[in-house]
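K.L.:
I'd like to go over a predicted model; first the sequence, then the structure.
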Amino acid sequence: MRENEVAAAIVDAAFHVHVALGPGLLESVYETALEHELLKRGFQVQRQHPIPVVYDDIHMETGFRADLIVNNLVVVEVKAVELLPPVAKTILLTYLRFSDKKLGLLINFHEQLIKNGITRVVNNL
């Protein structure tokens, strides 16, 4: 599977999680449920995966933790907030650059309709 196919499956899984749980829970609940839904569908999922960051001659083993990395292709950033800060997409793009991935999904489960909470971010895709 390529990035776009994996992303489509992630969106469908997020829809199922959102229908079952609705908005209003903690990010960690949605992250766990989404991981479970993707694993049920046969995807490889890394949760809270440490990503190293190198600056100058400093190598930080855990510069940040990716909420989910699916099939080693798509980074998923899970949110559950009333209003996403404008910098959220830029942060995900930074995560993509440092993890050497091309596609990321920013999913905010706090929306009434999950389709309004999904943002696709690309890095040289």
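P.N.:
Received, thanks.
K.L.:
Which strand or helix spans the spatially most central residue of the chain?
P.N.:
Nearest to the mean C-alpha position of the chain, counting by C-alpha atoms, centre = their mean, stands Val76 at 1.0 Å. Using DSSP states H and E, Val76 sits within strand 74-79.
K.L.:
Run me through the strand neighbours of that strand, direction for each.
P.N.:
strand 58-70 (antiparallel), strand 103-108 (parallel) (DSSP bridges).
K.L.:
Show me which positions of the first one end up buried.
P.N.:
When burial is assessed from 16 or more other C-beta atoms under 10 Å, strand 58-70 yields the following buried residues: Gly63, Phe64, Ala66, Asp67, Leu68, Ile69, Val70. In short, each C-beta sits where N, CA and C put it, glycine included.
K.L.:
Any idea what the last one is bridged to?
P.N.:
Read it as Val70. Using DSSP bridges, the bridge partners assigned to Val70 are Val45, Val74.
K.L.:
Put the alpha carbons of the lengthiest helix in the chain into CSV.
P.N.:
Across the chain, the longest stretch assigned as helix under DSSP state H is helix 3-21. The C-alpha trace of helix 3-21 is given here as CSV (Å, rounded to 0.1, in the frame of the first residue of the first chain):
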residue,chain,number,x,y,z
GLU,A,3,0.6,6.6,1.4
ASN,A,4,-2.8,7.7,0.0
GLU,A,5,-4.3,4.2,0.4
VAL,A,6,-3.1,4.0,4.0
ALA,A,7,-4.5,7.6,4.6
ALA,A,8,-7.9,6.6,3.2
ALA,A,9,-8.0,3.6,5.6
ILE,A,10,-7.0,5.9,8.6
VAL,A,11,-9.8,8.3,7.7
ASP,A,12,-12.3,5.5,7.6
ALA,A,13,-11.0,4.1,11.0
ALA,A,14,-11.2,7.6,12.5
PHE,A,15,-14.8,7.9,11.3
HIS,A,16,-15.7,4.6,13.0
VAL,A,17,-14.0,5.7,16.2
HIS,A,18,-15.8,9.0,16.2
VAL,A,19,-19.2,7.5,15.5
ALA,A,20,-18.7,5.1,18.4
LEU,A,21,-17.2,7.5,21.0
